[in-house]
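Participant: here is a sequence with its predicted model. Questions after.
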Amino acid sequence: MSRKPFIAGNWKMNMTAKSGAELIAALAPLVKDANCDVALCVPAILIPEMTKAAAGTNIAIGAENVHWAKNGAYTGEISAEMLKEYGVKYAIIGHSERRQYFGETDEGVNKRTLAALENGITPIVCVGETLSERENGTTEEVIARQLEKGLQGVEDIKKVVIAYEPVWAIGTGKTATDGQAQETIAFIRKKIGELFCPMCAQKVIIQYGGSMNAGNCKGLMAQPDIDGGLIGGASLKLDFATIVNYDK
Ligand code: 13P
C-alpha cells in the first residue's frame, strides 16, 4: 500500500515575517525535487507573508491551530474560513503544547478537527504520551483515548494526518528509537483500523514528531508504518531540507 510521505515543519512561536521569508527563500531550491509532500506550519500572523514567500514552490503553508466555530466571540482564536482565505492547506490540531499549556482537551481537538475537514483543510492531529505515561505502561491506553475522542464523527479518515509525538521527545533532543516509534505508530494504525476500517487505516498518513533531525530522519523514515515527520527545532534551519530529502 503506497502512501506518499509527508514532511511538515512546525515553527511554533519562532521566526518573524523577515526571517521566515528568508528561510523559505533559502529552502525552496533545496526541496524543489522532493519525493514527499512538504509543508511549513507557521504562526497565524505570519501566514499572509509566508504564503507569498512560498508561492510557486512545492512548500505548502499550514497553521498551528484552528478554531471550531465559524466566527464569534472567541478572543484570540482563528477560524478555518480565515485560514482558507490565504490558501492554508493544513492545520496542526491538539499539539501537546496546546494540551499542556493552554488546556486543550480531546473534545476540543475533535471539534477543531471536524471544522478543519468541513473547510477543506487537512488536520494534522497530534497524539502522544508523557514520560510518566510511558513509564507506567499506559502509552497505548492514552493514545487510544486521544484517537477515539479526537476523531469521533470523522467521515473520511483518509483526509486526516496523524502525528505521533511522544511528549518526552519534544524539544528534548531525546528521540524515540526507530523501534519505539514504529511500534507505537503501528498501534495507531491498528486502532484507526478498528475505529474506521482496516483498508482506510492503510491509507492514513502517520508522521513521527519529537527531536527528529537531519541525523536520525533516515532511520525513522525507513520504518514501515512511519510516513513522515512533524519537525520542530530542525524546521527553523536548512536542516529541514536534509530531512525532506531523506531518501536521496
Ligand atoms: P522538536 O522537533 O523541536 O522536538 O518538536 C517536535 C514537535 O513538537 C513538532 O510538532
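Facilitator: Ah, there it is. On a predicted model such as this, the values are computed, not experimentally measured, just so you know.
Participant: tell me which element the residue nearest to residue 105 when sequence neighbours are not counted is part of?
Facilitator: Nearest residue to residue 105, sequence neighbours excluded (C-beta to C-beta, 6 or more residues apart in numbering): residue 99, at 7.5 Å. The C-beta positions use only the backbone N, C-alpha and C, and glycine is treated the same way. Taking DSSP states H and E as the criterion, residue 99 maps to helix 96-102.
Participant: so residue 45 sits in a helix?
Facilitator: Yes - using DSSP: H, G, I helix; E, B strand; the rest coil, the secondary structure at residue 45 is a helix.
Participant: so what pLDDT did the nearest residue to it once chain neighbours are set aside get?
Facilitator: Leaving out its chain neighbours, the residue that sits closest to residue 45 by C-beta to C-beta, 6+ apart is residue 17, at 8.0 Å. Here the pLDDT value assigned to residue 17 is 98.
Participant: picking up where we left off before, run a quick neighbour tally on the residue nearest to residue 105.
Facilitator: 20 (other C-beta atoms under 10 Å).
Participant: quick check: it vs residue 32, distance?
Facilitator: 35 Å (C-beta to C-beta, to the nearest Å).
Participant: repeat for residue 164
Facilitator: Applying C-beta to C-beta to residue 164 and residue 32 gives a distance of 28 Å.
Participant: how about residue 7?
Facilitator: Taken as C-beta to C-beta, the span from residue 7 to residue 32 is 14 Å.
Participant: look at the two and report which has more neighbours.
Facilitator: The neighbour count for residue 7 versus residue 32, taken as other C-beta under 10 Å, is higher for residue 7 (27 against 13).
Participant: so what's that one bridging to?
Facilitator: Here residue 7 sits in beta bridges with residue 38, residue 229, as judged by DSSP bridges.
Participant: how about it, what does it touch?
Facilitator: By C-beta atoms under 8 Å, 6 or more residues apart in numbering, the residues touching residue 7 are 34, 36-39, 207, 228-229, 231, 240, 243-244, 246.
Participant: on that earlier part again, my guess is the residue nearest to residue 45 contacts residue 52. True?
Facilitator: No - in this structure, residue 17 is not within contact of residue 52 by C-beta atoms under 8 Å, at 9.7 Å.
Participant: report pLDDT for the residue of the chain found nearest the ligand.
Facilitator: With C-beta to the nearest ligand atom, the shortest gap between the chain and the ligand falls at residue 232, namely 2.2 Å. In the prediction, the pLDDT value recorded for residue 232 is 98.
Participant: is the helix or strand of the chain with the lowest mean pLDDT anywhere near the ligand?
Facilitator: In the chain, no helix or strand scores lower on mean pLDDT, DSSP states H and E than helix 131-135, which sits at a mean of 93. No - Helix 131-135 stays clear of the ligand (C-beta under 6 Å from any ligand atom), getting no nearer than 13.8 Å.
Participant: quick check: what element follows that helix along the chain?
Facilitator: Following helix 131-135 toward the C-terminus (DSSP H and E): helix 139-150.
Participant: burial measure for the residue lying closest to residue 3 once chain neighbours are set aside, as a count.
Facilitator: Distances taken as C-beta to C-beta, 6+ apart place residue 227 nearest to residue 3, at 4.9 Å, with adjacent residues excluded. For residue 227, the count of nearby residues is 23 (other C-beta under 10 Å).
Participant: quick one: contacts for residue 227?
Facilitator: Contacts of residue 227 by C-beta under 8 Å, 6+ apart are 3, 4, 5, 6, 205, 206, 207.
Participant: for ChimeraX, what selects the buried ones among these?
Facilitator: Typed into ChimeraX, the line below selects the buried ones among these, using 16 or more other C-beta atoms under 10 Å:
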select :5,6,205,206,207
